[in-house]
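J.: Just the structure for this:
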Amino acid sequence: MEWSDVRIFLAIARSGTLGGAARSLQTSHPTVGRRLRALEQAIGHTLFQRTADGLVLTDEGHGIIALAEQMEEGALAMQRRLAGREQNLKGNLRISSTDWFGAYVLPPILADFSNAYPNVDVEILTGTRRFSLAQREAEVAFRAVPFDTADVVQRRLFRVEYGVYIAEEAADPKYGDGTGFRLITPSTPHFPDIAWLIESFPNARPVLRSNNRNVQGRMCRQGVGIAVLPRVVGNQIPGIRRLDLPTPPPARDIWMGYHRDLRRLGRLRAFISTVSDHLANATA
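T.: Next up is the predicted model:
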């Protein structure tokens with residue numbers, strides 16, 4: 001099996017459809033189908049079973065999936081190692097972060113970086129999905145939890161303070177009660193600041209959920225309810241104010257990570273240096 005065939009096989013296994021595989025590989029649906037048929041004929045085995053829900057691995061397919069992933073990791077490691085030896089500050093730099101970090105923390109950093117290195121094209125990937133550093137979906141990522149893979153070089157950057165916000169014209173809710181008020185929370189309720197919010201205003205009613213902190217802040221400005229936000233977000237949204245409470249929401253650490261094979265990549269090192277300069281100025 002050639003590496004190009006392995007890529008087709010893995011893409012179909014992961015997406016479950018020819019169309020999904022074609023989109024992930026940025027090729028056409030007929031091309032993926034044709035390559036799969038040729039691969040199955042070449043090795044003399046059927047790798048996928050066609051079902052109403054899509055393509056499912058056969059026993060033969062299951063038998064080689066781990067080996068195919070090993071081939072993929074080898075090819076990606078070779079790609080990362082070669083990229084890590086690039087010293088010219090040109091090319092692409094993909095940065096993964098949450099929506100609020102990309103909108104409220106990164107802009108001044110990226111402005112300085114782009115002015116200093118105009119030949120580096122920057123792509124910011126925001127949202128709740130964690131893009132893979134090993135597969136080079138992103139070169140560097142910012143997260144609110146430590147990275148859990150050994151191949152990632154990581155650094156704790158700073159601690160994010162949170163605050164509770166309401167619309168400027170709204171009355172203050174009673175701490176420890178919240179009767180008559182509504183809550184704005186993320187779609188995923190496991191964040192420590194959200195658990196704190198619900199405990200601090202137990203009689204307030206959750207009415208709106210969003211996985212986007214910027215949306216939460218904008219809804220708060222419209223008077224929809226109480227929102228807990230990173231202060232770097234809430235303090236920049238006009239029309240809302242932070243409540244002075246006996247106990248603040250729990251703070252969280254922000255971590256930066258990149259794959260160790262890219263530690264010599266010139267444009268990545270330059271970006272990390274720019275981040276460090278900004279943090280030094282912010283804490284000076």
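J.: contacts and neighbour counts: CA atoms only from here.
T.: Will do.
J.: Can you check which helix is longest in the chain?
T.: Criterion DSSP state H: the longest helix present in the chain is helix 59-84.
J.: Which neighbouring elements make contact with that helix?
T.: helix 3-15 (3 or more CA pairs under 8 Å, 6 or more residues apart in numbering; DSSP states H and E).
J.: centre of the chain versus whatever helix or strand comes next after the helix it packs on, how much separation?
T.: Using DSSP states H and E, the helix or strand that directly follows helix 3-15 along the chain is helix 18-25. Distance, stretch centre to chain centre, for helix 18-25: 21 Å (CA atoms, centre = their mean, to the nearest Å).
J.: got the angle for whatever helix or strand residue 36 lives in vs helix 18-25?
T.: Residue 36 is part of helix 29-43 when elements are defined by DSSP H and E. Angle of helix 29-43 versus helix 18-25, following axes from the mean of the first three to the mean of the last three CA atoms, to 10 degrees, is 100 degrees.
J.: For helix 29-43, list the C-alpha coordinates in PDB.
T.: Extracted as PDB, the C-alpha positions of helix 29-43 are listed here (Å, rounded to 0.1, in the frame of the first residue of the first chain):
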ATOM      1  CA  HIS A  29     -16.200  12.300  -4.500                       C
ATOM      2  CA  PRO A  30     -15.600  10.100  -7.700                       C
ATOM      3  CA  THR A  31     -11.900  10.200  -7.200                       C
ATOM      4  CA  VAL A  32     -12.100   8.800  -3.700                       C
ATOM      5  CA  GLY A  33     -14.500   6.100  -4.800                       C
ATOM      6  CA  ARG A  34     -12.300   5.200  -7.700                       C
ATOM      7  CA  ARG A  35      -9.200   5.100  -5.500                       C
ATOM      8  CA  LEU A  36     -10.900   2.900  -3.000                       C
ATOM      9  CA  ARG A  37     -12.100   0.400  -5.600                       C
ATOM     10  CA  ALA A  38      -8.600   0.200  -7.000                       C
ATOM     11  CA  LEU A  39      -7.100  -0.300  -3.600                       C
ATOM     12  CA  GLU A  40      -9.400  -3.100  -2.700                       C
ATOM     13  CA  GLN A  41      -8.800  -4.800  -6.000                       C
ATOM     14  CA  ALA A  42      -5.000  -4.400  -5.600                       C
ATOM     15  CA  ILE A  43      -4.900  -6.000  -2.100                       C
END
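J.: So which other helices or strands are in contact with that helix?
T.: By 3+ CA pairs under 8 Å, 6+ apart, helix 29-43 packs against helix 3-15, helix 18-25.
J.: Need the residues that contact the first one.
T.: Meaning helix 3-15. Helix 3-15 is contacted by residues 18, 20-22, 24-25, 32, 35-36, 39, 55-57, 65, 68-69, 71-72 when judged by CA atoms under 8 Å, 6 or more residues apart in numbering.
J.: List the buried residues of it.
T.: 5-13, 15 (16 or more other CA atoms under 10 Å).
J.: what do you get for stretch 92-109?
T.: Result for stretch 92-109 [16+ other CA under 10 Å]: buried residues 93-103, 109.
J.: Figure out the length between the terminal residues of it.
T.: End-to-end span of stretch 92-109 (CA to CA, to the nearest Å): 16 Å.
J.: same deal with stretch 116-131?
T.: 26 Å.
J.: tell me the average confidence for stretch 156-164?
T.: Averaging pLDDT along stretch 156-164 yields 93.
J.: residue farthest from the centroid of this protein?
T.: Distance from the C-alpha centroid of the chain, by CA atoms, centre = their mean, peaks at residue 44 (40.2 Å).
J.: where does the chain have low pLDDT?
T.: 1, 79-88, 189, 280-284 (pLDDT under 70).
J.: Strands of that one, residue ranges please.
T.: 48-51, 54-57, 91-97, 120-126, 140-143, 152-160, 162-167, 182-185, 205-209, 226-230, 240-242, 252-259 (DSSP state E).
J.: contacting residues around the third one?
T.: The set of residues external to strand 91-97 that reach it, using CA under 8 Å, 6+ apart, is 119-127, 130-131, 137-143, 267-268.
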